[in-house]
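**Q** what follows is a predicted protein model with its sequence.
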Amino acid sequence: AQSVTQLGSHVSVSEGALVLLRCNYSSSVPPYLFWYVQYPNQGLQLLLKYTTGATLVKGINGFEAEFKKSETSFHLTKPSAHMSDAAEYFCAVSASGTYKYIFGTGTRLKVLA
Amino acid sequence: DAGVIQSPRHEVTEMGQEVTLRCKPISGHDYLFWYRQTMMRGLELLIYFNNNVPIDDSGMPEDRFSAKMPNASFSTLKIQPSEPRDSAVYFCASSLRGTGWKEQYFGPGTRLTVT
């Protein structure tokens, strides 16, 4: 069985500050891990993914995430927040080779001017 | 590419009425997924199809919900009869089978309100 826990349903950062959104997963098989972003009234858009290989993955808009197997974590970071980063972010896990995603409950990011 | 298309974008209906949500996947994609998003339960997979055949419907909440995919370019999610607790945003996503990892592309969603 797989599950995803996102710590903090709301996160606020100042413009230019570090963004850190936390995701921990549980999986009995090697996982594929994803971060998606959802802007208001829109569908989900893929930010980045980890499947195999390098544990530090880079995505769009300056975001990156590191897969840490020992900590069962896949936290999302961005060195400097921009106002346009305000959105809801979802972490998801799937068992390798399957199409079934399990999503976390989401973290709403607010960027303060 | 037009992306995944969903209609209507907003639907308001009264309890007991039938509701039909529609989805057109990206051309050439052979997997189609229906999700439901609510504040209480987050984003849940309801059902997914491969080559128009339902593969896993374990997420369909109850018999009031049904989904069909009559051809590769069209799918429907029907709720009959609808109830206020069905109020949610319903997303459709599609994906293309291939080697390695398969990204799901999401539509803009249908916001359903049942009064």
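**A** Looks like it arrived, so ask away. Numbering: from 1, shown residues only, chains lettered A, B, ... in the order given.
**Q** from chain B, which residue is nearest to chain A?
**A** Residue of chain B nearest chain A, by Cβ to the nearest Cβ: B:Phe106 (3.5 Å). Heads up, the C-betas are built off the backbone N, CA and C, glycines and all.
**Q** run a quick check on that residue versus B:Gln6, I expect a contact.
**A** No: in this structure, B:Phe106 is not within contact of B:Gln6 by Cβ atoms under 8 Å, at 9.3 Å.
**Q** which residues do the two both contact?
**A** Common contacts of B:Phe106 and B:Gln6 (Cβ atoms under 8 Å, 6 or more residues apart in numbering or on different chains): B:Phe91, B:Cys92.
**Q** burial count for A:Val93?
**A** A total of 24 residues lie near A:Val93 under the criterion other Cβ atoms under 10 Å in any protein chain shown.
**Q** now A:Thr107: phi and psi?
**A** A:Thr107 adopts backbone torsions of phi -130, psi 120, taken as degrees, to the nearest 10.
**Q** quick one: contacts for it?
**A** Neighbouring residues of A:Thr107 by Cβ under 8 Å, 6+ apart: A:Gln6, A:Gly8, A:Ser9, A:His10, A:Val11, A:Leu21, A:Arg22, A:Glu88, A:Tyr89, A:Phe90.
**Q** and the residues you listed near chain B, which?
**A** A:Phe90 (Cβ under 8 Å from any Cβ of the partner chain).
**Q** residue ranges in the chain under the pLDDT threshold?
**A** In the absence of a named chain, chain A is used. A:96-97 (pLDDT under 70).
**Q** correction: the question concerned chain B.
**A** B:1, B:98-101.
**Q** the residue sitting nearest the centre point of it and A:Leu56, how far apart?
**A** Chain B has B:Trp34 as the residue nearest its centroid, 3.0 Å off, counting by Cα atoms, centre = their mean. According to Cβ to Cβ, to the nearest Å, B:Trp34 stands 33 Å off from A:Leu56.
**Q** number of nearby residues for the residue of chain B closest to chain A?
**A** When neighbours are counted by other Cβ under 10 Å, B:Phe106 registers 23.
**Q** contact partners for the closest residue to it other than its chain neighbours?
**A** Using Cβ to Cβ, 6 or more residues apart in numbering or on different chains and skipping the chain neighbours, the partner closest in space to B:Phe106 is A:Gly43 (3.5 Å). By Cβ under 8 Å, 6+ apart, the residues touching A:Gly43 are B:Val4, B:Phe91, B:Ala93, B:Phe106, B:Gly107, B:Pro108, B:Gly109.
**Q** how near is A:Gly43 to B:Tyr90?
**A** Separation of A:Gly43 from B:Tyr90 (Cβ to Cβ): 11 Å.
**Q** and if you look at B:Gly3?
**A** Using Cβ to Cβ, B:Gly3 is found at 16 Å from B:Tyr90.
**Q** what does the host helix or strand of the residue nearest to the centre of chain B rub up against?
**A** In this structure, B:Trp34 sits in strand B:31-38 according to DSSP states H and E. Applying Cβ under 8 Å, 6+ apart, the external contacts of strand B:31-38 come out as A:99, B:23, B:25, B:43-50, B:67, B:69, B:75, B:77, B:87-97, B:102, B:104, B:106, B:109.
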